[in-house]
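Enquirer: below is the sequence, then the predicted model.
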Amino acid sequence: MAFPVPDTICRYCHMLPSRTYCFRSKRSLLGFLGLVMAAQITLAHAETWVITDRNHPVQTPAHVRLILLDEQERLETKLSEGLPANQQQAITIMQQRLKSADAQRLQRDLALAQQNLVDAWSIRVTKVPAVVVDRTFVVYGETNVLAAEHRIAQWRTAAKHQNDAGQGDTPQ
């Protein structure tokens with residue numbers, strides 16, 4: 001049995017009241033808009049990291065810190081590439097290499113890769129890829145950074161809304 005659709009529009013959102021996206025009151029419309037704005041503000045101030053390895057590539061936007069867990073190993077392999085088996089000869093060649101500008105850049109990159117490993121370990125990331133926001137919130141398995149940030153922002157906004165209503169834990 002078909003029901004007639006009212007031909008009047010909602011006074012709050014100017015949509016037909018039978019639509020699923022019609023807000024039944026001005027308060028609910030304003031609440032929804034507040035949630036959307038809070039989610040955008042939350043992302044604007046968030047620090048985002050992507051923790052992964054070369055086997056799980058993730059496209060990272062410019063504002064995101066990329067941590068490759070296998071970068072240290074790759075750099076060490078590059079630094080020791082072509083060294084002879086004789087230890088004394090290898091030491092001599094390595095000392096010569098370390099004086100070059102490329103080797104100095106490689107050493108800086110190696111130090112950064114080691115710091116990245118420490119940072120990933122310190123926040124206890126257990127799987128890759130992982131998108132981390134504010135060193136607290138983690139989404140595992142998501143290769144779309146913006147989608148992961150959006151999921152975290154939604155959760156934070158919902159948790160804040162619940163907390164404001166006295167129904168949930170305080171988001172961090």
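Expert: Happy to help now that I have it.

Enquirer: going by C-alpha atoms from here, please, whenever you check contacts or count neighbours.
Expert: Will do.

Enquirer: okay, now the domains of this structure?
Expert: 1-45, 47-164 (automatic domain parsing).

Enquirer: in the protein, which spans are helices?
Expert: For the chain, the helices defined by DSSP state H occupy 26-44, 71-79, 87-97, 101-122, 145-164.

Enquirer: which of those is buried the deepest?
Expert: Using mean count of other Cα atoms under 10 Å, the stretch among those with the greatest mean number of neighbours is helix 145-164 (a mean of 18).

Enquirer: other SSEs contacting that one?
Expert: Counting by 3 or more Cα pairs under 8 Å, 6 or more residues apart in numbering; DSSP states H and E, the packing neighbours recorded for helix 145-164 are helix 26-44, strand 130-133, strand 137-140.

Enquirer: picking up where we left off before, hey, least reliable of the helices of the chain by pLDDT?
Expert: Per-stretch mean pLDDT for those is lowest at helix 26-44 (a mean of 56).

Enquirer: so which residue is dead centre in the chain?
Expert: Val131 (3.3 Å; Cα atoms, centre = their mean).

Enquirer: which ones are touching that residue?
Expert: For Val131, the contact set (Cα atoms under 8 Å, 6 or more residues apart in numbering) comprises 48-51, 138-140, 142, 145, 148-149.

Enquirer: okay then, goodbye and thanks.
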